[in-house]
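1. Sequence and predicted structure, then a few things I'm wondering about:
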Amino acid sequence: MIEQMSCDERFLTLAKELNYDIYGENTAGGHYVPLIRHHDEVYVSGLVPRMNGKIQYPGRVGKELNLADAQAAASISAMRGLSLIVDAIGSLDKIKSLIRVTVYVRCTEDFVDLSDVANGASDVFSHVLGDAGKHTRTTVGVYQLPKNAAVEVDMIVALRPSAL
Amino acid sequence: MIEQMSCDERFLTLAKELNYDIYGENTAGGHYVPLIRHHDEVYVSGLVPRMNGKIQYPGRVGKELNLADAQAAASISAMRGLSLIVDAIGSLDKIKSLIRVTVYVRCTEDFVDLSDVANGASDVFSHVLGDAGKHTRTTVGVYQLPKNAAVEVDMIVALRPSAL
Amino acid sequence: MIEQMSCDERFLTLAKELNYDIYGENTAGGHYVPLIRHHDEVYVSGLVPRMNGKIQYPGRVGKELNLADAQAAASISAMRGLSLIVDAIGSLDKIKSLIRVTVYVRCTEDFVDLSDVANGASDVFSHVLGDAGKHTRTTVGVYQLPKNAAVEVDMIVALRPSAL
């Protein structure tokens, strides 16, 4: 059944489930822009898990936050990315692939399950975009992130030729 | 008045103000090259705030360095990036946009004003390039940087069609 | 003499020297793909130094690991990247340049020789690819990496027009 829905429909359904306001967080918190399109590529700025104007799951993974919290944070960053793309290009069904996803995790010195945290973002991309959600990924554990966020995700998206 | 100056003129004026030797730091400190052009894109290597052959503002933000120091460091990295681009393509007026800027900040465990540090680089891009200085940005707090630098900045630049 | 060998021959020779199984590690450890090609660019996911199914040189540089260990780890990540590219496009001789290499080093608070660690990867690229091994590079010291790895390397590769 789910296969017959468009990417946009799956996105809206998931946003509803997560109670995520898809147009609420489309601003940048510094002197930059959230997104730039260059030919058939869209570069998306690093996104912290902001929802309803507030960082969700602030803290350090392995200390204040556990794996499930961190995955939830990563999924919110992923939803923000998709939301910015919908807003800019009109439809997620125009996406061919996510050629680069980088996931930064603010963790403790001995927390090593970084790939599991990043899967929180990857699973959103797969669920919403299906085959077009395939992506390369780099995941690293960092010391600090803006505004005490636990996770930050940036993306480079390739669009389908038919979208140009 | 400033609007009527070219990007190159604004760059040279700012370099003078900052006492920045625009051709002094165009080398890489390892087995790589500072910059590669591919079609209408220019990839610039990660740049630490080197000036007159010396890392400026070495240390950790939140410990040896305060926010103003860190912003000054970020602005020097940004100037180095622009300087490398001038050197490679002849003029900053050929830039269409900075499709990706990544700012790495070497900070303490509880320093969270990373976006403010990164604005030190972003403001140089805006001031020199005007509208073409628009960029996506990812800012993260890292544990360590080469040569004890406080900030490192890398860039991907898109050129105007007329520049090709 | 070595100049007359193809990139592929140099790669296979080096793999033999390092006892590196070139098709052994071509899987991703999370919900993503190791590599995506988009036009004449190939994006390679972040690669930890895995060999024979096991992370090599796990630990923190400056503590459990010294510079030589870290360089060896970086060279294994580089070999994994080249191996994935051979597997995907058939020959390393199709590479024009590595437009972006990012090297993440998991180090102690006071380890600053990050560029020397990254040279472990850069030297593999130069040795195997010759002039086509030229690359821009960003090197940062991170707090943690997946699976306790000491180094992670990701890449964006540009292909020769004749390879398309």
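-> Sure thing, it's come through. What you see is a predicted model, and the numbers here were worked out from it, not measured in a lab.
2. ok, A:A132 - contacts?
-> A:7, A:95-97, A:160 (CB atoms under 8 Å, 6 or more residues apart in numbering or on different chains). C-beta coordinates here come from the backbone N, C-alpha and C atoms, glycine included.
3. pLDDT-wise, which helix or strand of chain A ranks last?
-> Counting by mean pLDDT, DSSP states H and E, chain A has its least confident helix or strand at strand A:50-51, which shows a mean of 89.
4. does chain B sit close to the helix or strand following that strand?
-> Going down the chain from strand A:50-51, the next helix or strand is strand A:54-55, by DSSP states H and E. No. No part of strand A:54-55 sits near chain B under the criterion CB under 8 Å from any CB of the partner chain; the closest distance found is 10.0 Å.
5. And stretch A:35-45, by the same measure?
-> Yes. Using CB under 8 Å from any CB, stretch A:35-45 comes into contact with chain B via A:35-36, A:38, A:41, A:43-45.
6. buried stuff in that stretch?
-> By neighbour count with 16 or more other CB atoms under 10 Å in any protein chain shown, stretch A:35-45 contains the buried residues A:35-36, A:38, A:40-45.
7. can you redo those as a markdown table with pLDDT and secondary structure?
-> Formatted as a markdown table, these follow (pLDDT from 0 to 100; DSSP: H, G, I helix; E, B strand; the rest coil):
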| residue | pLDDT | secondary structure |
| --- | --- | --- |
| A:L35 | 96 | strand |
| A:I36 | 97 | strand |
| A:H38 | 97 | strand |
| A:D40 | 97 | coil |
| A:E41 | 98 | strand |
| A:V42 | 98 | strand |
| A:Y43 | 98 | strand |
| A:V44 | 98 | strand |
| A:S45 | 97 | strand |
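8. quick one: which two of these are the most distant?
-> A:D40 and A:S45 (18.8 Å; CB to CB).
9. List the contacts of the residue nearest to the spatial centre of chain A.
-> Closest to where the C-alpha atoms of chain A average out (CA atoms, centre = their mean) is A:A78, at 1.6 Å. Applying CB under 8 Å, 6+ apart to A:A78 gives the contacts A:120-122, A:124-125, A:153.
10. Please see if the host helix or strand of A:E152 touches chain C.
-> Assigned by DSSP H and E, A:E152 belongs to strand A:151-159. Yes. Residues of strand A:151-159 are located near chain C by CB under 8 Å from any CB, namely A:156, A:158.
11. Pretty sure A:R160 sits against A:K94.
-> Yes. Counting by CB atoms under 8 Å, A:K94 is a contact partner of A:R160 at 5.7 Å.
12. Have a look at those two and say which one is more surrounded.
-> A:K94 (21 against 13; other CB atoms under 10 Å in any protein chain shown).
13. in terms of contact, does that one touch A:A158 like I think?
-> No. Using CB under 8 Å, A:K94 makes no contact with A:A158, being 10.0 Å away.
14. what's the angle between the longest helix seen in chain A and strand A:151-159?
-> Once chain A is assigned using DSSP state H, the helix that runs over the most residues is helix A:67-89. On the basis of axes from the mean of the first three to the mean of the last three CA atoms, to 10 degrees, helix A:67-89 is oriented at 40 degrees to strand A:151-159.
15. Can you name the next helix or strand after the lengthiest strand in chain A?
-> When every strand of chain A is counted residue by residue (DSSP state E), the longest turns out to be strand A:95-106. Following strand A:95-106 in sequence order, the next helix or strand is helix A:114-129 (DSSP H and E).
16. hmm, that following helix in reach of chain B?
-> No. Helix A:114-129 does not reach chain B (CB under 8 Å from any CB); its nearest approach is 13.6 Å.
17. any idea how far chain B is from A:L12?
-> 25 Å (CB to the nearest CB, to the nearest Å).
18. Once you drop chain neighbours, what's closest to that residue?
-> A:I22 (7.4 Å; CB to CB, 6 or more residues apart in numbering or on different chains).
19. Quick one, grab the pLDDT at the residue nearest to the centre of chain A.
-> Note on A:A78: pLDDT of 97.
20. Same question for A:I55.
-> With respect to pLDDT, A:I55 has a value of 94.
21. Check A:Y20 too.
-> 86.
22. Would you agree it falls within a strand?
-> No. Assessed with DSSP: H, G, I helix; E, B strand; the rest coil, A:Y20 is coil; it does not lie in a strand.
23. how far away is the nearest residue to it once chain neighbours are set aside from C:D40?
-> Leaving out its chain neighbours, the residue that sits closest to A:Y20 by CB to CB, 6+ apart is A:M79, at 5.1 Å. Taking CB to CB, to the nearest Å as the measure, A:M79 falls 32 Å from C:D40.
24. low pLDDT regions in chain A?
-> A:1-3, A:25, A:29 (pLDDT under 70).
25. and it, which residues reach chain B?
-> Residues of chain A lying near chain B (CB under 8 Å from any CB): A:28-36, A:38, A:41, A:43-46, A:102, A:104, A:106, A:142-148, A:152, A:154, A:156.
26. Let me know how buried the residue nearest to A:D116 when sequence neighbours are not counted is, in neighbour terms.
-> Distances taken as CB to CB, 6+ apart place A:L67 nearest to A:D116, at 5.8 Å, with adjacent residues excluded. A:L67 has 15 neighbours, counted by other CB under 10 Å.
27. was I right about A:L67 contacting A:S115?
-> No. Using CB under 8 Å, A:L67 is not in contact with A:S115; the gap is 10.9 Å.
28. got a list of what A:R137 touches?
-> Per CB under 8 Å, 6+ apart, neighbours of A:R137: A:100-103, A:118, A:122, C:28, C:30, C:32, C:45-46.
29. Helix, strand or coil: sort out it for me.
-> strand.
30. Provide the partner residues of it in its beta bridges.
-> Beta-bridge pairing of A:R137 under DSSP bridges involves A:V101.
31. and the gap between it and chain B?
-> 14 Å.
32. Then A:A88?
-> 11 Å.
33. who touches that residue in this structure?
-> By CB under 8 Å, 6+ apart, the neighbours of A:A88 are A:35, A:37, A:42.
34. Could you tell me how far the last one is located from A:M51?
-> Okay, so that is A:V42. 22 Å.
35. re the thing from before, walk me through which strands the strand holding A:E152 pairs with, and which way each runs.
-> Strand pairing (DSSP bridges) places strand A:151-159 next to strand A:41-47 (antiparallel), strand A:95-106 (antiparallel).
36. Touching, A:C7 and A:I89? I think so.
-> No. Using CB under 8 Å as the test, A:C7 is too far from A:I89 to be in contact (11.7 Å).
37. Show me which of the two is the more surrounded one.
-> A:C7 (20 against 17).
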